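J.: A structural model of the following input is requested.
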Amino acid sequence: MTDKISARVHVLLAQNSPQAIVIRRGPSKQVAVIGWDRSDDSFTVGQWLKGRIYPRRCDISSDGSHWIYFAMDKHSQTYTVVAKVPSQSNRFLFKKLCVERRRFVCIR
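T.: Numbers count the residues shown, from 1 in each chain. Next up, the predicted model:
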């Protein structure tokens, strides 16, 4: 008998905004990023990544407009990205920068 492994879901909530990020991992080695507007319970599917996003090394800005994540692609390259919610398209890309989970502060 083969046991099916369900998708793993992690949620990042913005502190001063109804915005949130849902990180869905699964099927194997694929991740989806979904924007969640908690004011009207609407969801916006961002993008799928063939690789891995490490949810404990991610955070969302307090106003819910940007997020930072640490990822590894299918070629085992690691990078840290600052992107608009719910996209994974980078505004700032830092290759091989390893960061531990910290609070993300958006400076205007």
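J.: Would you map the strands across this protein?
T.: With strands called from DSSP state E, the chain shows them at 8-13, 19-25, 30-37, 42-53, 59-60, 66-73, 78-84, 90-95.
J.: Need the winner for burial among those.
T.: When the strands of the chain are scored by mean count of other C-beta atoms under 10 Å, the highest mean neighbour count falls to strand 59-60 (a mean of 22). Quick note: C-beta positions are derived from backbone N, CA and C, even for glycine.
J.: Show me how far it is from its chain's centre.
T.: Relative to its parent chain, strand 59-60 has a centroid offset of 8 Å by C-alpha atoms, centre = their mean, to the nearest Å.
J.: Parallel or antiparallel, list what pairs with that strand.
T.: strand 66-73 (antiparallel) (DSSP bridges).
J.: And the contacts of the strand it pairs with?
T.: 12, 21, 31, 49-54, 57-61, 78-85, 88, 91, 98-99, 104, 106 (C-beta atoms under 8 Å, 6 or more residues apart in numbering).
J.: I'd like to check the angle between it and strand 8-13, please.
T.: Put simply, strand 66-73 runs at 150 degrees to strand 8-13, going by axes from the mean of the first three to the mean of the last three C-alpha atoms, to 10 degrees.
J.: Where does the prediction get shaky in this structure?
T.: Applying pLDDT under 70 to the chain picks out residues 1-2, 89-108.
J.: ok, and the closest non-adjacent residue to Val45?
T.: Ile34 (5.5 Å; C-beta to C-beta, 6 or more residues apart in numbering).
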